[in-house]
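S.K.: Next one to model:
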Amino acid sequence: MAEIAVTEVIDRLLSLLTEEVRLLRGVDTAVEDIRRELLFIQAFLKDADAKAEKGDTISHGLKTWLQELRETAYSIEDLVEEYIHHFANRLRRSGVIFDFLCKVSRLIAKLKPCHEIASEVEDLKLKVGKLKEESSSYGFISSFEQGSGDTINVPWHDPGVTSLFIEEAEIVGIKSPKGEMINWLVEGAAERTVISVVGMGGLGKTTLAKKVYDNKKFMERFVCPMKKPIPEGMDAMDEISLISLLKKHLEDKRYAIVFDDAWTLEFWGFIKYVLPDNRSGSRVVITTRNEEVGCAIRESRFHHVHSLQHLPPQSSWELFCKKAFQGSCCPSELQKISNDIVKRCAGLPLAIVAIGGALSTKQKNELEWQKFNVSLGSQLETNPHLESITKILSLSYNDLPHFLKPCFLYCAVFPKNYSINCAKLIRLWVAEGFVKGEKKVPLEQRAKEYLNELIHRSLVQLSEVGRVGRTRRCKVHDLMREIILKKAEELSFCHVLGDEYSSFNGKFRRGSVQKGTNTIAVENINRNAQIRSLLLFDIHAVPMLLTVKMFPKSMGKLQNLQTLDLKHSPVEALPVEITKLKNLRHILAYSYHWTPEVRFATTRGVHIGEGIGSKLDLQKLCYVEANNGRGLIEELGKLTQLRRLGVVNLMEEDGPSMCASISNMNYLESLAIVSEDDGILNLQTISKLPSRLRNLYLQGGLSRLSYDPMEVLKALPNLLELELINAYDGECFCFAESGFQKLKVLCLYDMKGLKTLNIYEGALPVLERLEIQPSPQMEVPSGIRLLKKLTRIDFWGKPRGFAYNMQPEDGQNYHIVEHDKD
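M.R.: Just a heads-up that it's a prediction; the model follows:
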């Protein structure tokens, strides 16, 4: 954990040294010296982290040294930012004589800050050198000596071993998965069958595997007396000899082997060659926390993946009562607080058992239990009954590669049980500098890969998925959040402000206000000069944000700003100074308004002046008001890196410019256009459709076309979602053979003249959802029966009898929508 802060600074220093920002002789040399010393210290920190994760006792002196090292690292990072702010930007400006003279005069005016920074660099260089000397006194082993790579350190006492000895009567909620697994193991084909059980730590994978292993049917099929003793001296064998021996020992046997808690993708790739497939009905069971490891076994139809689910509320309550009240009923006075505690466990059996056991030792007193609940974070660290929760859940964190640890720790800044917007989380990671770039791969794409890996490792859970399967929101289990929040505070990584139960009183890098402002929270912010991020989850703490309609011109000074998120705010226009923000990547500014006379919400964007075309790194721009003139629409064509674009109030005269601009956006994935007039978007004039487009939303704009727009749109190879609102006056849409091969959602709203959809064999092969609202003349298309993947049809504005006629039983028109049976 201590390594995180130092690694961030090393990366920042490397970035600094590769830029031409050397305005003071000697400063660049000192910065390189600091980086070299930190690299040396980093090598020792790998050993320090390994000892901490393994459970070794850390002395008070070592804790003090690590804290001082972190604070020094943060001071270096702040100095780097100041250095770049003062000098780097001046080197990027034009080199004309007038600018040069202005630059010289400014440098003279800033001479004192120059010498101050040089002096601070030298002070920090001495401080880092001293920290390096002190590191040798703590007996660390340099990772240069022991080799590199992130590996999990398993403690001598496996905290999960007690799962093997739980009595059947104490187990709740595994009857169904247990029966399914026994059927897979005992019945089925003669081929070797592999079953992986996947789920987060503490979910009961080991317990399930053991109870299946102990089942009578399983024992009768697989357990038999050992005829040949296992040879002695196996411990001394090399890898090849051991593999040969095991293969020979198993080659004529029907065997069943359980591998518990596999961690790496390479595991199955290696072990499958040790286990012969002798068509004797052999079975292999693998438990793992990592979904990718579990799915790696899928090499034939004899391989199965079972995703173990969290306990439902009723089973959670039953298990809690077994442990907290020894199977008796919960006293009425403890009913509410007990329900609150069970909800915090979120269906995790390990947590329910441990917390229930801890509460069974306490007085059956509501106040006593309330104190336990509000102090659960500290209880996880100090209460011996809860030690297993911390150890087992921490294993997943300790196994993370280094670059993922700060990303996961960052999830602690969100309130408990908070559903996190994934797109926002990704933007925050990028802004914090956690994401390492690759050539031609946007930082946001790399961040999505980071998030997916955390989901696959069962550390982050999905809480909301969009209509086309896109991850929209996620969350972290409440107890896991308590654990990483404690780690984050130890690292000075972040702190939750306004939490009256927190005992943390040190410095922190990021603050999270979750319960409004109070005197203590404000004092914490004021005395932490190193704070870099402040997240507010109580908008009432800053009421002035609710009334701002126009940003001041001074916002052009926010040189590090990457995301300007003004969604659902009163802001109507942005000053031209936003063109000065060299790091700006996302402009999100829109709100929705519902009026009785309009069936659909109207979208309001923001007014942006000309010059936006200079923001060549812009990734998202939505929504922008188009009625600022044709020059704005033409400038959009310069934003060739855009992934998402939204335009509202597009006028008829802007249609050709809009189509020309779209032709330049090769990376565009989402496009939304709301038109003011009819007949302005001639899709055939788009010389090159964005092949990566996944989501397309058009409101108005196609009404006076002389052709079916589907003829053009079918050429989009990656389109997943298509939504048209009052966009076409024709009577028919034709979905030709081989068209829309990836489209999953089709929504056609307010098409007053639409009478039919012609759907041909081979079109829309993966369409899952069809919505038509309202089209009075529309009849149910007969081609719907060809859509084998269709799971939902919505026809709005039809008579009540229309739905009854579509029912599977006795519906007169059900044959129209009934799928062909294969």
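S.K.: Output the below-cut-off pLDDT ranges for the stretch 501-650 of the chain.
M.R.: For the stretch 501-650 of the chain, residues meeting the criterion pLDDT under 70 lie at 501-506, 515-529, 538-547, 595-600, 628-630.
S.K.: dump the residue contacts of N417.
M.R.: 475, 478 (Cβ atoms under 8 Å, 6 or more residues apart in numbering). (C-beta placed from N, C-alpha, C; glycine too.)
S.K.: repeat for the one 5 residues further on
M.R.: The neighbourhood of C422, defined by Cβ under 8 Å, 6+ apart, consists of 451, 471-474.
S.K.: got it, and S738?
M.R.: Counted by Cβ under 8 Å, 6+ apart, S738 has contacts 762-763.
S.K.: Name the SS class of it, please.
M.R.: Look at S738: counting by DSSP: H, G, I helix; E, B strand; the rest coil, its state is coil.
S.K.: what's the answer for the one 10 residues further on, then?
M.R.: L748 falls in the strand class when you classify it by three-state DSSP.
S.K.: separation between it and K217?
M.R.: The gap separating L748 from K217 is 54 Å, by Cβ to Cβ, to the nearest Å.
S.K.: ok, the two, which is more surrounded?
M.R.: The residue with more neighbours, out of L748 and K217, is L748; 20 against 13, by other Cβ atoms under 10 Å.
S.K.: thinking the more buried one is in contact with I772, fair?
M.R.: Yes. Using Cβ atoms under 8 Å, L748 is in contact with I772, at 5.1 Å.
S.K.: where in the stretch 651-800 of the chain is pLDDT low?
M.R.: For the stretch 651-800 of the chain (pLDDT under 70), the answer is 677-679, 775-776, 798-800.
S.K.: ranges for the helices of it?
M.R.: Applying DSSP state H, counting those that start in this stretch to the stretch 651-800 of the chain gives helices spanning 655-663, 710-713, 800-804.
S.K.: Now do the longest one: which elements does it pack against?
M.R.: Read it as helix 655-663. helix 630-636 (3 or more Cβ pairs under 8 Å, 6 or more residues apart in numbering; DSSP states H and E).
S.K.: Neighbouring strands - and their directions - for the next helix-or-strand element following the helix it packs on?
M.R.: Where DSSP states H and E defines the elements, the next helix or strand beyond helix 630-636 is strand 644-650. Strand pairing for strand 644-650, determined by DSSP bridges: strand 620-625 (parallel), strand 670-675 (parallel).
S.K.: what angle do strand 644-650 and helix 655-663 make?
M.R.: 180 degrees (axes from the mean of the first three to the mean of the last three Cα atoms, to 10 degrees).
S.K.: And for V172, the neighbour number?
M.R.: Neighbours of V172 using other Cβ under 10 Å come to 21.
S.K.: try I271
M.R.: 18.
S.K.: Confirm for me that it is in contact with L250.
M.R.: No. Using Cβ under 8 Å, I271 is not in contact with L250, being 12.0 Å away.
S.K.: circling back to that earlier point, and the strands paired with strand 644-650 as JSON lines, adding mean neighbour count?
M.R.: Below are those laid out as JSON lines (neighbours: other Cβ atoms under 10 Å):
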{"stretch": "strand 620-625", "mean neighbour count": "22"}
{"stretch": "strand 670-675", "mean neighbour count": "22"}
